[in-house]
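> Next comes the sequence, and after it the predicted model I'd like to discuss.
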Amino acid sequence: MVHGVVKRRQADPQVVLQLWDIITSIRAGKQVANYDRIERYMQRKHNVNPKDTQKQLTLAVKDELVVKETSLGKKGARAGLEQDGYWCMEEATEESEDTHDWYCFECHKPGDVLCCGSCYKVYHPACAGKEDDFTDAWTCPMCEAHKDKFGSLKKIELYQLLTHVLSRMKDKARDLYKVPNMKELPNYYNLVYRRVDLRTIMEKIDNETYRSLEEMEADTKMIVHCSVVYHGPESDRAELCRLTLADCEYDLAEIRLCKDCYLMSNNRADQDWFLYACDPNHELVWAQLRGFGYWPAKVLQRSEGQVDVRFFGSRHQRAWIPDSNTKPIDTNIKKMNIKPTPGWRNAKKELERHQGYVKEGNKGSGHKRGTKRRRDSNGDEESQEDDFVSSTDAGQDHSISTSQASPEAHAEDAPTPLPTPSKKVKRKSSHNHHNEDSSSSSNSSSNITSGSPLTSGSPRIVMTAAAAKAVAASSPSITLSPVKVKCNCEDKYTVKLEDYKEKAEKEKEEAVAKAIEKAEADAAAAAATAAAAVAAAAKKKNGKKEKEKEKEKDDIAEKIEKAVADALKKAEKEWESEKQKAIKEAVKTAVKEKTESMEVDIENVKTEAKKDKEDQEQEMETLKTKYEEEIAQLKEEISQTKKRQWCINCEQEAMYHCCWNTSYCSITCQQNHWHKEHKRLCRRKR
């Protein structure tokens, strides 16, 4: 058992590969590989200064990666003189029998390291987070992470989940599944302690070697470690391995979040997979994205005042929203002012069915039926479902992704939301890939997707499905998806403005009606008062002159009628004046208040629209940059393909040249094509 900090290899593995290449080239020229020649080669070919060359060469000799011996010069000015010569170490053809690795598992560099007491991994003290001396046996972080056998998972569940994770990794990195040609990797086992690839992981899953999710994660990290040590940290191979590791870590995080959702979404044995109960059951809430109404959703996780929810509806999309934008599922719907669209009604039905399944304890067929694995002649694993998958269900988004999406059931029923940042899941561009189809949560990074609304005037990058398919066929490492752009911002804000106008007109009519009623009541009261006064005066006058003649009575009656008519006319004029004044004042006040309110609302709408447009333009720039990078990569691959020669008989890469435009991959193809037609067309001189 090794305790404390020990010295393993000290030389940089990339520099060692350069030294091996230079020493081999010098020896091929039948020269002594002395320090002077090595120094000149390193400076000319790799731009390494003499001081670094001397340091790395000395370390390589101490690590026994380069052999130093004394040689005699055989020609030239150094004939007969002793000089130090260097040889490459003997090439290993199998994995080392040493107890531990030579390079740090975390940073993949040489130096003084801590050796794990449970496995072959080594770490720098700083990389392990331990700076003090160790006198007892030390266990690395990877071994500490998977001490609990199977964790909270059953054995059959563990291997069903790992099978899905491996399948998603293979979809993005087929090269990591192929058996390597060791002739193309000289001195591989002299630098790499244990070779691990996707085929190794598949064999462990078949043999049920894994005890936890962390063990598979450790093997995926070992793939990255081997690639960085041998191919270099900036190589394409290392970048592919890092992307594969990011995919694996993302899927494992989703499994830890909810294994039932992950398993059912990938099995897809039933269209109702999203409605079945999980263990434990998810919290149900009404969730509201900015600018939209409340929508039923499941809560997946909470973090720092944000809630990760997945909405009910035909697409079951997912988003991070503020905790303040959620309400308990038992909240009265009428208090939330929800406009029930067809998509919302469909989501509400799904919610009720889910609640029924939870009450019954129905976990769905995803827990009862797993996937059977079969392999083709090349050893590739295929997934065979025990049950059918309908065309409708196959198009749904079954991935457990952190992509931001709206709670829409149909494109016309609910708008697409704006992205909300998530702090819990950190992914590279390759993990946008968990956004769409759940059959592979890898629809992420290399895919070009349309996730937020675009205004009709914004620039668009559109690729047809046929073009995307053609590009994908030319280069399997690049996946392009058609971009569909749809915007209904103008319709949305037009509807809002019309609602405001109708409401203002209605309130204006109500105010005018109230003013008219008040003026009429006041006029009637004034007329009644005047009539009473006139009647009282007439009665008094008649009482004093009871004995007057009938002629005087007629005169008085005539005067009374005239006075009443004048009073009524005057009261009518005053009533009309007060009525017009009250109407004008009420209309002016109502119009002023509503105008100010509408101006504020319109300004808010304009601000939101401007912000939406800026977000959309930024997203379009990102998509454009990504598209240009992928096209450049595709052109480079096409250029490299054109530089090769191809067999005219079977179209494989050729290695035998016949004449000006004819090459073959093997003698068999040459003989078949020669007798078939080339014999009479060959331009090679005989």
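Nice, I can see it.

> Relative to the whole chain's centre, how far out is the top helix by length along the chain?
Looking across the chain with DSSP state H, the single longest helix is helix 550-642. With Cα atoms, centre = their mean, to the nearest Å as the basis, helix 550-642 stands 42 Å off its chain's centre.

> After that helix, which helix or strand is next?
Counting by DSSP states H and E, the element after helix 550-642 in chain order, helix or strand, is strand 656-659.

> Buried residues in that next one, which are they?
Cys658 (16 or more other Cβ atoms under 10 Å). C-beta: built from backbone N, CA, C; applies to glycine.

> Now for the nearest residue in space to Cys107 that is not next to it in sequence: which residues touch it?
Distances taken as Cβ to Cβ, 6 or more residues apart in numbering put Cys127 closest to Cys107, at 5.5 Å, once the chain neighbours are dropped. Neighbouring residues of Cys127 by Cβ atoms under 8 Å, 6 or more residues apart in numbering: 104-107.

> so how far is the helix or strand hosting Cys127 from its chain's centroid?
Element membership of Cys127 [criterion: DSSP H and E] is helix 125-128. Offset of helix 125-128 from its chain centre (Cα atoms, centre = their mean): 32 Å.

> C-alpha coordinates for stretch 111-121, CSV please?
Output of stretch 111-121 as CSV, limited to C-alpha atoms (Å, rounded to 0.1, in the frame of the first residue of the first chain):
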residue,chain,number,x,y,z
GLY,A,111,4.2,15.5,-11.1
ASP,A,112,4.1,14.4,-7.4
VAL,A,113,0.8,12.6,-6.8
LEU,A,114,-1.3,10.8,-4.2
CYS,A,115,-2.1,7.2,-5.0
CYS,A,116,-5.7,5.9,-4.2
GLY,A,117,-5.8,2.9,-1.9
SER,A,118,-8.9,1.5,-3.7
CYS,A,119,-8.1,1.9,-7.4
TYR,A,120,-5.4,2.8,-9.9
LYS,A,121,-6.1,6.6,-10.0
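
> So for it, what gets flagged as buried?
Under 16+ other Cβ under 10 Å, the buried positions of stretch 111-121 are 111, 113-116, 120-121.

> just for this structure, where's the confidence low?
1-3, 73-80, 131-136, 148-151, 362-501, 537-538, 540-547, 685-686 (pLDDT under 70).

> again, 50 this time
1, 368-486 (pLDDT under 50).

> Do you have the strands of it handy? List them.
Here the chain has its strands, by DSSP state E, at 5-7, 66-72, 82-88, 112-115, 122-123, 283-288, 294-303, 306-311, 318-322, 326-328, 372-375, 381-384, 656-659, 662-664.

> May I see the ones you listed organised as JSON lines, with distance to Leu57 added?
Below are the strands of the chain laid out as JSON lines (distance: least, Cβ to Cβ, whole Å):
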{"stretch": "strand 5-7", "distance to Leu57": "18"}
{"stretch": "strand 66-72", "distance to Leu57": "7"}
{"stretch": "strand 82-88", "distance to Leu57": "7"}
{"stretch": "strand 112-115", "distance to Leu57": "20"}
{"stretch": "strand 122-123", "distance to Leu57": "24"}
{"stretch": "strand 283-288", "distance to Leu57": "63"}
{"stretch": "strand 294-303", "distance to Leu57": "51"}
{"stretch": "strand 306-311", "distance to Leu57": "54"}
{"stretch": "strand 318-322", "distance to Leu57": "53"}
{"stretch": "strand 326-328", "distance to Leu57": "64"}
{"stretch": "strand 372-375", "distance to Leu57": "47"}
{"stretch": "strand 381-384", "distance to Leu57": "46"}
{"stretch": "strand 656-659", "distance to Leu57": "40"}
{"stretch": "strand 662-664", "distance to Leu57": "42"}
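
> Would you tell me which of those gets closest to Leu634?
strand 662-664 (24.8 Å; Cβ to Cβ).

> List the pairing partners of that closest one within its sheet, with orientation.
Take DSSP bridges as the rule and strand 662-664 pairs in its sheet with strand 656-659 (antiparallel).

> send the alpha carbons of the strand it pairs with over as CSV?
Extracted C-alpha coordinates of strand 656-659, given in CSV (Å, rounded to 0.1, in the frame of the first residue of the first chain):
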residue,chain,number,x,y,z
TYR,A,656,-3.3,1.1,-54.9
HIS,A,657,-2.9,3.5,-57.8
CYS,A,658,-3.4,2.2,-61.3
CYS,A,659,-3.6,5.1,-63.7
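
> what sits up against that strand?
645, 663-667, 670, 678, 682-684.

> and those, which are buried?
Using 16+ other Cβ under 10 Å as the threshold, 663-665, 670, 678 are the buried ones among the contacts of strand 656-659.

> returning to what we had before: please identify the buried residues of the helix holding Cys127?
125, 127-128.

> For His164, which of the strands of the chain is the nearest?
Of all the strands of the chain, strand 381-384 comes closest under Cβ to Cβ, at 8.3 Å.

> now His316: how far from Asp206?
Distance of His316 to Asp206, given as Cβ to Cβ, to the nearest Å: 32 Å.

> between those two, who's got more neighbours?
Applying other Cβ atoms under 10 Å to His316 and Asp206 shows that His316 carries more neighbours, namely 26 against 13.

> Would you report the backbone torsion angles of the closest residue in space to the more buried one that isn't next to it in sequence?
Of all residues not flanking His316 in the chain, Phe274 sits nearest, at 5.0 Å (Cβ to Cβ, 6+ apart). Backbone geometry at Phe274, expressed as degrees, to the nearest 10, gives phi -70, psi -20.
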